[in-house]
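Asker: Provided below are the primary sequence and the corresponding predicted coordinates.
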Amino acid sequence: MRLHVRGNRLPDGESVQWWIVDGKLSAEPVAGAETVFDTGWILPGLVDAHCHVGVGPGGAVELDEAIRQAEAERDAGALLLRDCGSPIDTRSLDDRDDLPRIIRAGRHLAKPKRYIPGLPIDLDDESQLPAAVAEQARRGDGWVKLVGDWIDREVGDLAPLWSDKVLKTAIDTAHAHGARVTAHVFGEDALPGLIKAGIDCIEHGYGLTDDTIELMVEHGTALVPTLINLENFPGIAEKASRYPVYANHMRDLYARGRQRLGVVRDAGVPIYAGTDAGGGITHGRIADEVDALKGIGMTPTEALGAACWEARRWLGRPGLDDGASADLLCYTDDPRQGAAVLNRPDLVILRGRVF
């Protein structure tokens, strides 16, 4: 199938046209191509930089459900997914040319009773962390996922899982294996040790302070804030009446999270869009996350870039480039207008195939 599309690209708005043959983009005209889009906006496929294909509200799901999750992402225009931890093996999805590309971080690494049951690999002793990181680096696609903080029932509040010393060794081990490291962090206390140890990214980060924001700038640490997940915090607090300090902490993080993330943005920390889909958040909501990023001060173009061309550059994947896979979206209306437009592309083209 030979296709042709014409429209305006972002962020510069320049008029462009692409030919598609054998699933690849061509900047040179291709004879016999059918024009399938002629007026509007053309984007590389969107990126959900934090989701969990293979996780549902009850934990791990069957492979058929994981496929439905990936289809929901595709239909919403998310054609590149960074899977930040899944307990099931989804490698077989790579054999299907109708599903988004997935960059995997292997399984979460945690301690017993310090994360959602059934999702992580639980390490009885933190001395096991470097070896576990090495194993997940070999199993993943260039990323490793740590649980940086979670409720400690003996403390009654969020608390770090790992010592600073073992974090440094573990992150150095991942880097030696060619992998980057990210960590789930809701609160404040785990952040200094993770950032100083050289972690590449923080997930959530609602407890960032002026000091830890400065550390992120100094170390070049990225942030994926999963803003739509923040809406779950009041409900989490309500269910945590046995742990009043923790419950109040979660309410406080909810109350000031957006303001703090606005400071992060203003400081120049690289921010990328991720939904935390899987579990309590349904797949296919990347447009809602882009809208939420506008709420912390991002311009419409900046917020869209965080889920598109900038995120692809960060993850080392091509955008609209000659010879790249034809993974693109076409919109009659400007997708920067909001989720109502962004969530409904006129055409989704994945590996040169029209959906």
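Answerer: Sure thing, it's come through. Just so we're clear, the structure is a prediction, and the values are computed from it rather than from any experiment.
Asker: Pull the number of nearby residues for the closest residue to residue 274 other than its chain neighbours.
Answerer: With C-beta to C-beta, 6 or more residues apart in numbering as the measure, residue 50 is the residue that lies nearest to residue 274, at 2.6 Å, once sequence neighbours are left out. C-betas here are computed from N, CA, C, even on glycine. The burial count assigned to residue 50 is 29, neighbours taken as other C-beta atoms under 10 Å.
Asker: Is the residue nearest to residue 59 when sequence neighbours are not counted in a helix, a strand, or coil?
Answerer: With C-beta to C-beta, 6+ apart as the criterion, residue 59 has its nearest non-adjacent residue at 4.3 Å, and that residue is residue 118. Three-state call for residue 118 (DSSP: H, G, I helix; E, B strand; the rest coil): coil.
Asker: Look up phi and psi at residue 152.
Answerer: Backbone torsions of residue 152, given as degrees, to the nearest 10, read phi -100, psi 110.
Asker: so which strand or helix has the residue nearest to residue 227 when sequence neighbours are not counted?
Answerer: Counting by C-beta to C-beta, 6+ apart, residue 292 is the residue found nearest to residue 227 once chain neighbours are left out, at 3.7 Å. If you go by DSSP states H and E, residue 292 is part of helix 286-294.
Asker: Let's test this: mean pLDDT of that helix, rounded?
Answerer: When the per-residue pLDDT values of helix 286-294 are averaged, the result is 98.
Asker: Contacts for that helix next, please.
Answerer: 46-48, 73, 76-78, 225-228, 271, 273-275, 300, 302-304, 306-307, 338-339, 342-343 (C-beta atoms under 8 Å, 6 or more residues apart in numbering).
Asker: Only alpha carbons, please: show that helix as CSV.
Answerer: What follows is helix 286-294 as a C-alpha-only set of coordinates in CSV (Å, rounded to 0.1, in the frame of the first residue of the first chain):
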residue,chain,number,x,y,z
ILE,A,286,-2.9,10.5,27.1
ALA,A,287,-5.0,13.4,25.8
ASP,A,288,-6.2,14.0,29.4
GLU,A,289,-2.6,14.0,30.6
VAL,A,290,-1.7,16.6,28.0
ASP,A,291,-4.5,18.9,29.2
ALA,A,292,-3.4,18.4,32.8
LEU,A,293,0.1,19.5,31.9
LYS,A,294,-1.3,22.8,30.8
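Asker: Which helix or strand lies directly C-terminal to it?
Answerer: Next helix or strand after helix 286-294 toward the C-terminus (DSSP H and E): helix 300-305.
Asker: Could you tell me which other helices and strands the next helix or strand after that next one packs against?
Answerer: Beyond helix 300-305 in the direction of the C-terminus, DSSP H and E gives the next helix or strand as helix 309-315. Helices and strands in packing contact with helix 309-315 are listed as strand 41-44, strand 46-51, strand 78-83; criterion 3 or more C-beta pairs under 8 Å, 6 or more residues apart in numbering; DSSP states H and E.
Asker: any idea which of these is most buried?
Answerer: Sort the helices and strands packed on helix 309-315 by mean neighbour count, taking mean count of other C-beta atoms under 10 Å, and strand 46-51 sits at the top with a mean of 31.
Asker: roughly how far is that one from the heart of the chain?
Answerer: Centroid separation for strand 46-51 versus its chain: 4 Å, with C-alpha atoms, centre = their mean, to the nearest Å.
Asker: and the angle from that strand to helix 286-294?
Answerer: 80 degrees (axes from the mean of the first three to the mean of the last three C-alpha atoms, to 10 degrees).
Asker: Cool, thanks, signing off.
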